[in-house]
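1. Sequence and predicted structure below; questions after.
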Amino acid sequence: MKKRVVILVIGEDKVGIVYNISKILYENNINIEDVTQKVLDTMIFTMIMLVDMSKSKISISDLRKEFEAVSKEINVRIDLHHEDLFYSMHRV
Amino acid sequence: MLNSNLSIDEILETSNMLYDQMLDIRTLTMGISLLNPELNSKSIDQLCNFLSDLGKRFIDAAKEIEEELGVSIVNKRISITPITVAFPRSEPKFYIEFAKKLDQTLKEINIDFLGGFSAFITKGMSPQDRALFSSLPEILSSTERICSSCEAGNSKSGINVSSIKEVAVMLKETSLATRELDGVGCAKFVVFANAVNDNPFMAGAFHGIGEINHSINVGISGPGVIKKVIERNEDCDLLELADHIKRASFKITRLGELVGRKAAKILDIRFGSVDLSLAPTPRENDSVAGVLEAIGVPCVGFPGTTGALALLTDAVKKGGSMASSRVGGLSGAFIPVSEDLGMIDAVKNGSLCIEKLEAMTAVCSVGLDMIAVPGTTSVDTLSSIILDELSIGVFTNKTTGVRIIPVPGKKEGDMAYFGGLLGYSPILPVKNVKKSKLIERGGMIPAPITSLRN
């Protein structure tokens, strides 16, 4: 069964955001199923990723820790939420 | 998004609620029944171990949910069967020792509060109720995490004024025992009319007698979300505004429902209920007063406040009740003074007084909450304030409660500081008399005619 997690990235646009995020996902065998990415007002980078963690080498809390380190390094906010959260709030 | 039928707007809306509008789970409360024949003969140490084992599992489950959903659960609490029911004792010693030992246990396992040192005194006080009451000043002053409550009135039986006076005497003693901390001991005690069995919020949580074994109850915190929705709809009329509030309430309640369901599944226990109350905290953008002002009240406490609060409470309930099949607890809007920045400001600038707060509680849960009054307030005056508030509950068939703190050595206009989520508050003015004939008479106010429904 799939374990889908939504990754939301927001911060000042710079080189290497997508690279840094997807590198961690690749290293932990987490499959990216969908990506939407936009730069708003030529400065603010936003990206929403839908990933499947069913074959992941690490748990969601360990992934969050890895992202925390990257988040400080490249100065963007990275949030992780199980997709259940969005389905329960927006679907009856 | 391609592989999911969620839209980007929906994902961003949820994200904004969590990060900008302070949406979180205010409390996850595990109700634990002590009405278990195996516990009857256990020692205090054994009882603490029993609660500690369950508490640890509960904390692990809560952390797992926080990690998975990325949603913070601010308080993890336990409610137990009212202690005077589970362990009737005629001496205070047992209650004091149990409370102190339990307080240590709770600290060790990181449970924020435990509720259920409670008594039901509407028809008078039994020996165990007296024993608990005489132990409360020591319990509330020497422990940090033990909460206590009592019911002194209900719509079926009426209001016991003699019991209320006992409550006031105990509050005065407790406030003196915590004199150094502005009487904070009283913030961990609430007196109810029509107390509810599955309330997840403190200080009044207890695991009701009819509740089986263990259960999970959830309280959400969403004033910031509701305020944002109202601000986005500047120009609509009140009917339309109520609809917008209902929709937002639906979404935040679904979050509570999801967390409750997940916790119950992990712990393999029953999912009790989601409490639909809007619960503020003393943080920016997390204020019920702020919501009322966004609706259009010039300043909380001004004419119009009760009307706006009625609209808000009702819309929150209507939206929330669609979102969960297990609605319970207090379900309304909380208006604790010291825990809500907007309320604190309104008291400071003189627009909000006890009398207006009392009127507001006629249309929302859950009563006069976190009210700091001068330390010189007499027992009779405290009793009278409690009586007025409980009358609203008893005669309108709803829950009301009083959490009032006479602050030793402080007078009207001074500030009282309670710390953490309990916040701070200016001392409210009170019309104080030394003696009141009404209270001196004692006895019961009979139940309203509406109690004869059979």
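-> Alright, I've got the coordinates.
2. Which residue ranges of the stretch 301-450 of chain B form strands?
-> When assigned using DSSP state E, counting those that start in this stretch, the strands of the stretch 301-450 of chain B occupy the ranges B:327-328, B:367-374, B:400-407, B:415-417, B:424-426, B:444-445.
3. Now mean neighbour count too, for those strands, in JSON lines please.
-> For glycine as for every other residue, the C-beta is placed from the backbone atoms N, C-alpha and C. Supplementary listing: these in JSON lines, determined by neighbours: other CB atoms under 10 Å in any protein chain shown:
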{"stretch": "strand B:327-328", "mean neighbour count": "18"}
{"stretch": "strand B:367-374", "mean neighbour count": "27"}
{"stretch": "strand B:400-407", "mean neighbour count": "28"}
{"stretch": "strand B:415-417", "mean neighbour count": "18"}
{"stretch": "strand B:424-426", "mean neighbour count": "23"}
{"stretch": "strand B:444-445", "mean neighbour count": "16"}
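4. Out of those strands, the one nearest chain A is which?
-> Comparison of the strands of the stretch 301-450 of chain B against chain A by CB to the nearest CB identifies strand B:327-328 as nearest, at 15.6 Å.
5. Might you list the low-confidence residue ranges for the stretch 1-150 of chain B?
-> Screening the stretch 1-150 of chain B residue by residue with the criterion pLDDT under 70, one finds the ranges B:1-4.
6. so how far is the lowest-mean-pLDDT helix or strand in chain A off the chain centroid?
-> Within chain A, confidence by mean pLDDT, DSSP states H and E is lowest for strand A:31-40 among all helices and strands, at a mean of 90. Relative to its parent chain, strand A:31-40 has a centroid offset of 9 Å by CA atoms, centre = their mean, to the nearest Å.
7. one step back: want to throw the strands of the stretch 301-450 of chain B into a markdown table with distance to chain A and mean pLDDT?
-> Converted to a markdown table, those look like this (distance: least, CB to the nearest CB, whole Å; pLDDT from 0 to 100):
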| stretch | distance to chain A | mean pLDDT |
| --- | --- | --- |
| strand B:327-328 | 16 | 84 |
| strand B:367-374 | 28 | 95 |
| strand B:400-407 | 31 | 96 |
| strand B:415-417 | 33 | 96 |
| strand B:424-426 | 31 | 94 |
| strand B:444-445 | 45 | 97 |
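8. tell me the secondary structure for A:Ile7?
-> Using DSSP: H, G, I helix; E, B strand; the rest coil, the secondary structure recorded for A:Ile7 is strand.
9. Assess the claim that it and A:Val76 are in contact.
-> No. Taking contacts as CB atoms under 8 Å, A:Ile7 lies outside contact range of A:Val76: 11.3 Å.
10. now check the helix or strand encompassing B:Asp53, is it near chain A?
-> Under DSSP states H and E, the secondary-structure element containing B:Asp53 is helix B:44-69. Yes. Using CB under 8 Å from any CB of the partner chain, a contact is recorded between helix B:44-69 and chain A, made by B:Glu67, B:Glu68, B:Leu69.
11. Name the residues of that helix that come out as buried.
-> Neighbour counts over helix B:44-69 (16 or more other CB atoms under 10 Å in any protein chain shown) mark B:47-48, B:50-52, B:54-55, B:57-59, B:61-62, B:64-69 as buried.
12. for the chain, what spans make up the helices?
-> By default, I'm working from chain A. The residue ranges that make up the helices of chain A, judged by DSSP state H, are A:17-27, A:60-74, A:84-90.
13. actually chain B
-> Assigned by DSSP H, the helices in chain B fall at B:8-19, B:44-69, B:83-86, B:92-109, B:127-142, B:161-177, B:223-232, B:238-267, B:288-295, B:305-323, B:341-348, B:354-360, B:379-395, B:437-441.
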